[in-house]
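In: next one to model:
(chains A and B)
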Number of protein chains: 2
Amino acid sequence: MTLEVQGRRVREASRVVAGASSGVRADALRLAADLLVADMPALMAVNADDVGEARAGGVAGAALDRLALSPARITQMAEGLRSVAALPDPVGEVVDGWVRPNGLRVERVRVPLGVVGVIYENRPNVTSDAAGLCLKAGNAAFLRGSASAQRSNDAVVALLRRALAKVGLPEDAVALVEDSSHDAAVEFMRLRGIVDCLIPRGGKALIASLLEHATVPYVLDGDGNCHVYVDRAADLDMAEAIVVNAKMQRPGVCNAAETLLVHSEVAAAFLPRLEEALAGVELVADGRAREWLPSAAPATDEDFATEFLDLKLAVGVVDDLDAAVAHITRFGSGHSEAIVTEDLAAADRFAREVDAAAVVVNASTRFVDGGELGLGAEVGISTQKLHARGPMGPRELTCTKWIVRGEGHVRQ
Amino acid sequence: MTLEVQGRRVREASRVVAGASSGVRADALRLAADLLVADMPALMAVNADDVGEARAGGVAGAALDRLALSPARITQMAEGLRSVAALPDPVGEVVDGWVRPNGLRVERVRVPLGVVGVIYENRPNVTSDAAGLCLKAGNAAFLRGSASAQRSNDAVVALLRRALAKVGLPEDAVALVEDSSHDAAVEFMRLRGIVDCLIPRGGKALIASLLEHATVPYVLDGDGNCHVYVDRAADLDMAEAIVVNAKMQRPGVCNAAETLLVHSEVAAAFLPRLEEALAGVELVADGRAREWLPSAAPATDEDFATEFLDLKLAVGVVDDLDAAVAHITRFGSGHSEAIVTEDLAAADRFAREVDAAAVVVNASTRFVDGGELGLGAEVGISTQKLHARGPMGPRELTCTKWIVRGEGHVRQ
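Out: Below you'll find the predicted structure:
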């Protein structure tokens, strides 16, 4: 089956899903959760084949870990589907509406996007997470995982399709691209008229390929080069706790901090305590910060521009809030930027002037996440400004439709 | 000045505009309106040069008309700026917000996009309309008009920049691309990191070029292959008035009707009256419709797929609502689709099942327009599903930012 033929089937199925009631779609998710738990041994066996082949091919460490399923992870996948099923349904929500002076009644209602494409890497749990969110919002999910996880993804998709069939929805509302070659990925990005929205979850190479080739609309889930700025008026104990949490609690994710900026007036009091608090973190620092962090290597512009995704932190000293904002404007990726301060004016100005998906005041950047912010779950975190910005929950997987009602109105 | 250097200046200016109060931005628009009226003679003279050169180059008819300014048109441009200045300001609107169980306060506020690029053709009035809407929403406007209107566009932009300077805003918040070559257009579409949102207003060639080359985010202002479906339960007098209005009131615009679908049970009663009602409109019709429209030529699939933008209408007979929806799904461009019916269930089903930016019940498709729907004005009509769908007013020229406030919250 060619990609286009498969895509047309998914598109047909999307129309049925869009018209299905939220109850039926939620039933499908709950059933799929039950099937994941019931079929755990078979799923583990299939996944062991993927993991074995990857290991034989030289994959190791974190990459191998991301590929591996465990009973705990499968239980989490099932729980994820159940909690998404329990979220409010965005479809049909009346966003706004009014009556025009001529009596024309206007409303904007939330409708599914149609076919949502997701390109992702490694983690087979994304298969059920992404499909669940797509179905929640009345969409069909057209998924393209990586070759290394093909067997596991196939098995998860098969379970989801069984659940769809059981509630009377078309199986093709969830489909996995069979060909995991680069050419197939490019073809996928060009399925205009079939894919309504593409969400890429992957590294720089994937994003670059998308910008070059995509003709379908997409929402970029980009880098998170996140900063914590410790202001002159910061509570330094709070600042330490936030910096440690933002850097160390889970360094490999996009909302972890990569750069610490410290106001020059508190550098002498704050920086020396970091060596101990951030034990295990490699520090690179600008000239002024190194006065108080003698063991840190010099930080280059490239360090400040890098999303380390690791136990590494760039540190800089700035003379004021303006300099902090300027640094973030220059090096930030528009993801999550935090300030620690007791000064109301500084907090407000930082929140206003920093251009990012999320600005965080006196809390860890790690909270910028669909679950933590209250969306229930997320299909990714958008770093672009169009359509959705920040964590994307079910509502961000919909669009709106204008409905205009008259009584024979014609335009003069 | 290279395009990139110019773009960086616009980007710098956008930060200042984003931080300016709505009062100052509105003042700039009102001042620009005054300047347009005051400088009318000079503007007319410059425009006469553009029109003369275009005429000498063989441009005629509607294209020449779109290029020409008149005192009435310039007055309209000024009025447009004044009415946009008077609209509510979208910037700073709190879209939603809540408090998390852990006390974290979350809100989503509306912020400007930054730099909005607009590529458009011919009409110099788009220069002030687009710039006005961009500034209203706190954005800088980076404009790329056509070569034929370069002198007129330059003059309008010069007025806008004078107005910006007078209120203390940077002139570069409105800028016109100097080079109107195709290569420059492609370069414009690839100014990633400079242009936050590109809005193309042009024909198929422009859209195709955009899909192929753009790396900046864009909102497509696409075709309007709009349908009117006259249901079995239609009031036929109302249907006639709506069809005539949707086709003839202004045939050259995207929300004009291009195809009429008639339920087979009312074809005999309705179609014969059209020959007179639509006098002056070229009719092409399918086999069943031609029984009642003997003078119509046979309609091909290509006719049904074409946005005529002219006094031409394709007519088809369908057996039921499902067939009408299927026809629209196959041939429609997702712009504006109308049903005429007295049957509540039919109206509701049409509104639900037709996938378009706007569904219109018992009114003309011509109402699908920012002004008519109550947005005050529009920068275009989006036919894509991401970000904005349908008419785009000031609010559609913004994005949102998450603001998260804690008291030292760290993630467990």
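
In: quick one, strands of the stretch 101-250 of chain A?
Out: Taking DSSP state E, counting those that start in this stretch, the strands of the stretch 101-250 of chain A run over residues A:105-112, A:115-120, A:140-144, A:174-176, A:197-201, A:226-230.

In: same question, the stretch 251-400 of chain A
Out: Applying DSSP E, counting those that start in this stretch to the stretch 251-400 of chain A gives strands spanning A:257-263, A:282-285, A:297-298, A:312-318, A:336-340, A:358-363, A:381-382, A:390-391, A:398-409.

In: re earlier: in a markdown table, list the strands of the stretch 101-250 of chain A along with mean pLDDT, mean neighbour count and distance to A:Lys385.
Out: For glycine as for every other residue, the C-beta is placed from the backbone atoms N, C-alpha and C. Formatted as a markdown table, the strands of the stretch 101-250 of chain A follow (pLDDT from 0 to 100; neighbours: other C-beta atoms under 10 Å in any protein chain shown; distance: least, C-beta to C-beta, whole Å):
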| stretch | mean pLDDT | mean neighbour count | distance to A:Lys385 |
| --- | --- | --- | --- |
| strand A:105-112 | 97 | 20 | 20 |
| strand A:115-120 | 96 | 26 | 20 |
| strand A:140-144 | 97 | 28 | 25 |
| strand A:174-176 | 98 | 25 | 30 |
| strand A:197-201 | 94 | 23 | 16 |
| strand A:226-230 | 98 | 27 | 17 |
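
In: if I pick A:Leu211, what's in contact with it?
Out: A:Leu211 makes contact with B:Arg192, B:Thr215, according to C-beta atoms under 8 Å, 6 or more residues apart in numbering or on different chains.

In: now with 6 Å?
Out: Shown in contact with A:Leu211 (C-beta atoms under 6 Å, 6 or more residues apart in numbering or on different chains): B:Thr215.

In: check what pLDDT it gets.
Out: A:Leu211 is assigned 94 on the pLDDT scale.

In: A:Arg66 sits in which helix or strand?
Out: Here A:Arg66 sits within helix A:61-67, counting by DSSP states H and E.

In: in that helix, what's buried?
Out: A:Arg66, A:Leu67 (16 or more other C-beta atoms under 10 Å in any protein chain shown).

In: same question, stretch A:184-198
Out: For stretch A:184-198, using 16+ other C-beta under 10 Å, the buried residues are A:Ala185, A:Glu187, A:Phe188, A:Met189, A:Leu191, A:Ile194, A:Val195, A:Asp196, A:Cys197, A:Leu198.

In: what's the neighbour count on the closest residue to A:Ser70 other than its chain neighbours?
Out: Sequence neighbours aside, A:Met44 is the residue nearest to A:Ser70 in space, at 7.8 Å (criterion: C-beta to C-beta, 6 or more residues apart in numbering or on different chains). Look at A:Met44: counted by other C-beta atoms under 10 Å in any protein chain shown, it has 18 neighbours.

In: does A:Met44 count as helix, strand or coil?
Out: When classified by DSSP: H, G, I helix; E, B strand; the rest coil, A:Met44 comes out as helix.

In: off-centre distance for the worst-scoring helix or strand of chain A on mean pLDDT?
Out: Least confident helix or strand of chain A, by mean pLDDT, DSSP states H and E, is helix A:61-67 with a mean of 88. From the chain centre to the centre of helix A:61-67 is a distance of 19 Å (C-alpha atoms, centre = their mean, to the nearest Å).

In: distance from the chain centre to stretch A:131-150, please.
Out: Stretch A:131-150 sits 14 Å away from the centroid of its parent chain (C-alpha atoms, centre = their mean).

In: and what of stretch A:382-392?
Out: A distance of 9 Å separates the C-alpha centroid of stretch A:382-392 from that of its chain, computed with C-alpha atoms, centre = their mean.

In: touching chain B at all, that stretch?
Out: Yes: judged by C-beta under 6 Å from any C-beta of the partner chain, stretch A:382-392 comes into contact with chain B at A:Gln384, A:Lys385, A:Leu386, A:His387, A:Arg389, A:Gly390.

In: what residues does the stretch 51-200 of chain A put near chain B?
Out: So the stretch 51-200 of chain A meets chain B at A:Trp98, A:Arg100, A:Val106, A:Leu113, A:Asp196, A:Cys197 (C-beta under 6 Å from any C-beta).

In: domains of chain A?
Out: As given by automatic domain parsing, the domain ranges for chain A are A:3-222, A:226-368.

In: as a markdown table, those domains with distance to B:Glu121 would be great.
Out: Shown next, in a markdown table, are these (distance: least, C-beta to C-beta, whole Å):
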| stretch | distance to B:Glu121 |
| --- | --- |
| domain A:3-222 | 22 |
| domain A:226-368 | 31 |
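
In: so which of those comes closest to B:Val253?
Out: Within the domains of chain A, the stretch nearest B:Val253 is domain A:3-222; the backing value is 18.1 Å (C-beta to C-beta).

In: hang on, the earlier thing: need the max-distance pair from the residues of the stretch 51-200 of chain A next to chain B.
Out: Longest span within these, C-beta to C-beta: A:Arg100 and A:Cys197, 30.7 Å.

In: now the strand or helix carrying A:Ala13 against strand A:115-120, angle please.
Out: For A:Ala13, the host element (DSSP H and E) is helix A:3-19. In terms of direction (axes from the mean of the first three to the mean of the last three C-alpha atoms, to 10 degrees), helix A:3-19 departs from strand A:115-120 by 120 degrees.

In: CA-only coordinates of helix A:3-19, as CSV, when you get a sec.
Out: C-alpha atoms of helix A:3-19 as CSV (Å, rounded to 0.1, in the frame of the first residue of the first chain):
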residue,chain,number,x,y,z
LEU,A,3,1.7,6.1,1.6
GLU,A,4,-0.9,8.1,-0.4
VAL,A,5,-3.4,5.3,-0.5
GLN,A,6,-2.9,4.7,3.2
GLY,A,7,-3.3,8.4,3.8
ARG,A,8,-6.6,8.5,1.9
ARG,A,9,-7.9,5.7,4.1
VAL,A,10,-6.9,7.6,7.2
ARG,A,11,-8.6,10.7,5.8
GLU,A,12,-11.8,8.8,5.1
ALA,A,13,-11.7,7.5,8.7
SER,A,14,-11.1,11.0,10.0
ARG,A,15,-14.5,12.1,8.8
VAL,A,16,-16.2,9.3,10.7
VAL,A,17,-14.3,10.0,13.9
ALA,A,18,-15.0,13.8,13.6
GLY,A,19,-18.7,12.9,13.6
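
In: A:Gly57: neighbour count?
Out: 9.
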